[in-house]
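Student: Everything below, folded, please.
(4 chains)
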Amino acid sequence: MLTDLLPAPNLLSATGLACRRGERRLFKGVAFSAPAGSLVLVGGRNGSGKTSLLRILVGLSSAVAGSVAWCGRPVATDPLAWAAQLFYLGHASALKDDLDAAENLELACSLAAEPCSRDARLAALARLGVAHRAGLPARLLSQGQRRRVALARLALTHRPLWVLDEPFVGLDAIAMAELGQLIETHLMRSGIVVLTTHQAVDLVVSRRIVVDLDAASLEAPA
Amino acid sequence: MNALVAIMRFELLLAWRRKSALATTLGFFVIVASLFPLGLGADPQLLRLIGSGVVWVAALLATLLGLARLFAADHEDGTLEQLRLSCVPLPLAALAKIGAHWLVTAVPLCLAAPILGLQYGLSASAIGVLVASLVLGTPVLCLLGAMGAALTLGLRAGGVLVPVLVLPLEVPVLIMGAGSVEAHMNGLGAGPWLSLLAALLIVFVLATPWVVAFALRISSE
Amino acid sequence: MATLTASRSRFFRYASPATFYPLAGRLWPWFAAVAAVLALAGLAIGLLIAPTDATQGDSYRIIFIHVPAAWMSMFIYLVMAFYAVLTFVFQTRLSAMMMRALAPTGAMFTFIALWTGALWGKPTWGAWWVWDARLTSELILLFLYLGFMALQSAIDDTRRADRAGALVALVGVVNVPIIYFSVKWWNTLHQGASVSLTRAPSMAREMLIGMLLMALACWMYSIAVALVRVRALIVERERDAAWLREAGEA
Amino acid sequence: MPVFWNSVSEFVAMGGYGDYVWGAYGVTLMAIVIEVLALRLRSRRLGTPAQRALGAGQS
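Tutor: Next up, the predicted model:
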């Protein structure tokens, strides 16, 4: 078979995912299949479980039912290898208040075993327009600036899958455009991006998959 | 491996930038140990008898003080998520954090202990045994405290819960630590007690990081 | 192989709250009744029939409640640890609920063991409390129970509460021997009183029978109380589950 | 088996250890009564299955 000889292309798929938070059942039967180059938009009301779905995808939480597969293999078998395939940015920006922007970026890169030079870090910060704040402790940065420092990781990472929780929140128009460009480039290089957002995002993508959690919800809409 | 070094390095750097918090722990230790003579009277005979126990109880409480928040900041600012998704197995990452915490909080206690020992009139050799027992025992206290901190992550009652959960488990360390000094002063030799402490330390270093990592997963799922 | 799967599936059927709820409801009155009968028999033998102990006088009659309570306090903790293992291995919700249902009863027996121990100690050693290895370990066991219950009540999310509780129970059970032996050695260092309530000098046959009856009564009582409590826990957790509503309509 | 005691007052006195023996058994009884009552209260508050079904139907 010819297909066996080719390197497996990136493919993120989920089947029958169900989630409950405490006593509340959030959704069930969430399934999608995202080939290389696709943007997966997770939508739904507040509290419909968007963040929970992302956490299940990356392996931070476990689903009540269903499974996630990467290139056809279930990811639950080797969480450490799965974590090495993805970049995750949650609600919190994972910045240490007492470290400056460049140091925060360095810490994040070394945790992911993606070492990078100081120049590369400064260039990444410059790309998101926070290079002039590189030496300031994170606690002195505004909310938007903190988000930008966290997003500067996107310019440094080589991971094929990005999972971003509300990446556009708190950004101004310039930063939003820059982030959009980063995402578009990543998709063009056969990456996959999963993100949740409330805003209408204007992205040029060849393949867009929408996961609507309201449709998979187990509760009647309020 | 590099990531492990980085965790440790940044943990120490962060501790250095929050120096006042470390000084508070040390201050607490010295104050608690100095209160006992005021409450019990300054009879030198009595002080010599209770000295090692008092220093040990003070060390127990002082290590708990900072440990309750060991993972709390990481949990709140999202670093814990990145730690769980990092290339380092979580038990090792936890061990690195606990190790850094021990270096910055418990080592100063071990260094301050001889001064307190002198206050209580302990002999030079007894002070040596006291410091040795603290060096062997405080890592176990840190490991157990880290377990409590991981279990109570993000709970409203977390700060009060950690001592309730952890202190009963710390009893053997207290007994062996204070017991070693007492055995030395009674002329029985501190060797067996210190060996027991060392054995306890080895077992806990090998086992507790996995428990802590498991607790962290349970608490941050 | 087929029988194995069948027994396995039967096990899991009883492990489901929906099946266990009515079963527990049918069983607990029987356990309670047997407990009452055994306790009455045990007390009759222990307090009315058994002769006075030659050395301790009638104060020894406290052992008929003290020893069974001390046994139960330790045994219930072991059972909790067993349910903790089940919670992790099979991920059954019921095992975690059983663990939670047992804890207050275990704590109660620990308290009773301490209290009766003190009341026995006063006339026997002339002190309410002696830092003896057994008593001290029992006190720490009470702290372990309290820690477990405090953690359970502090966590709102039931899945987290179950798993965290199971972990605490397992860590506790591993540490109990370490605690016991360290206290024992500490005791030798201080040459404290080493006494044993169970080592009655001449254990008459009536004494032994009375004590065993009381121990069995405590067992039955614990099972009955745990079953009732687990029913309450099931209702609290699964209020909106369909099967509970059906159980009400039937 | 014969009863060991000759009179009720002797039984109550417990050979001079009455306070201790009855203190032990009294507190045990109290602990059990408290536990049983607390459990009944808890079950009562949750209601019988029939009442719960009724409540669920109304809401």
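
Student: Packing partners of the helix or strand containing B:Val54?
Tutor: Using DSSP states H and E, B:Val54 falls within helix B:44-67. Judged by 3 or more Cβ pairs under 8 Å, 6 or more residues apart in numbering or on different chains; DSSP states H and E, helix B:44-67 is in contact with helix B:19-40, helix B:107-119, helix B:124-151, helix B:158-185. C-betas here are computed from N, CA, C, even on glycine.

Student: Minimum distance to A:Val169: which of those has it?
Tutor: For the helices and strands packed on helix B:44-67, distance to A:Val169 was read as Cβ to Cβ. The smallest value, 28.3 Å, belongs to helix B:158-185.

Student: So for the closest one, mean pLDDT?
Tutor: For helix B:158-185, mean pLDDT rounds to 89.

Student: Ok, stretch C:180-192 next?
Tutor: Stretch C:180-192 carries an average pLDDT of 72.

Student: and the residue positioned nearest the centre of chain D, what is it in contact with?
Tutor: For chain D, the residue nearest the mean C-alpha position is D:Val33 (2.6 Å; Cα atoms, centre = their mean). By Cβ atoms under 8 Å, 6 or more residues apart in numbering or on different chains, the contact set of D:Val33 is empty.

Student: Now the helix or strand harbouring it: buried residues?
Tutor: D:Val33 is part of helix D:18-46 when elements are defined by DSSP H and E. For helix D:18-46, burial by neighbour count (16 or more other Cβ atoms under 10 Å in any protein chain shown) applies to D:18, D:20-25, D:27-28, D:31-32, D:35, D:39, D:42, D:46.

Student: what's the closest of the helices and strands packed on helix B:44-67 to chain C?
Tutor: Nearest to chain C, of all the helices and strands packed on helix B:44-67, is helix B:158-185, at 3.7 Å by Cβ to the nearest Cβ.

Student: Now find how far off-centre the helix or strand that comes right after the closest one is within its chain.
Tutor: Using DSSP H and E, the next helix or strand after helix B:158-185 towards the C-terminus is helix B:191-219. Offset of helix B:191-219 from its chain centre (Cα atoms, centre = their mean, to the nearest Å): 12 Å.

Student: quick check, helix B:191-219 touching chain A?
Tutor: No. Shown here: helix B:191-219 not in contact with chain A (Cβ under 8 Å from any Cβ of the partner chain), separated by at least 8.8 Å.

Student: Output the below-cut-off pLDDT ranges for chain C.
Tutor: By pLDDT under 70, the low-scoring segments of chain C are C:1-15, C:54-55, C:189-204, C:239-250.

Student: which residue ranges form the helices in chain C?
Tutor: Ranges of helices in chain C, per DSSP state H, are C:2-14, C:17-43, C:63-90, C:93-125, C:133-154, C:158-190, C:205-237, C:242-249.

Student: what packs against the fifth one?
Tutor: This points to helix C:133-154. Where contact means 3+ Cβ pairs under 8 Å, 6+ apart, helix C:133-154 is packed against helix B:158-185, helix C:63-90, helix C:93-125, helix C:158-190.

Student: buried set for the first one?
Tutor: Residues of helix B:158-185 classed as buried under the neighbour-count rule (16+ other Cβ under 10 Å) are B:158, B:161-185.

Student: Which neighbouring residues are in contact with B:Gly145, exactly?
Tutor: B:63-64, B:67-68, B:70, B:162, B:166.

Student: rerun at 10 Å
Tutor: B:60, B:63-68, B:70, B:98, B:101, B:162-163, B:165-167, B:169-170, B:212 (Cβ atoms under 10 Å, 6 or more residues apart in numbering or on different chains).

Student: what about stretch A:188-197, near chain B?
Tutor: No. Stretch A:188-197 lies apart from chain B when judged by Cβ under 10 Å from any Cβ of the partner chain; the minimum separation is 14.2 Å.

Student: ok, and for the helix holding B:Val54, which residues are buried?
Tutor: Buried, per 16+ other Cβ under 10 Å, within helix B:44-67: B:47-48, B:50-67.

Student: and B:Asn186, how many neighbours does it have?
Tutor: 11 (other Cβ atoms under 10 Å in any protein chain shown).

Student: give me the subset of the buried residues of helix D:18-46 touching chain C.
Tutor: Restricting these to those within reach of chain C (Cβ under 10 Å from any Cβ) leaves D:18, D:20-25, D:27-28, D:31-32, D:35, D:39, D:42, D:46.

Student: Now stretch C:218-227 - C-alpha only, CSV.
Tutor: Provided in CSV are the C-alpha atoms of stretch C:218-227 (Å, rounded to 0.1, in the frame of the first residue of the first chain):
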residue,chain,number,x,y,z
CYS,C,218,-20.1,-3.5,66.5
TRP,C,219,-19.5,-5.0,63.1
MET,C,220,-23.2,-5.3,62.4
TYR,C,221,-23.8,-1.9,63.7
SER,C,222,-21.1,-0.4,61.4
ILE,C,223,-22.5,-2.2,58.4
ALA,C,224,-26.1,-1.0,59.1
VAL,C,225,-25.0,2.6,59.6
ALA,C,226,-22.8,2.6,56.6
LEU,C,227,-25.6,1.2,54.4
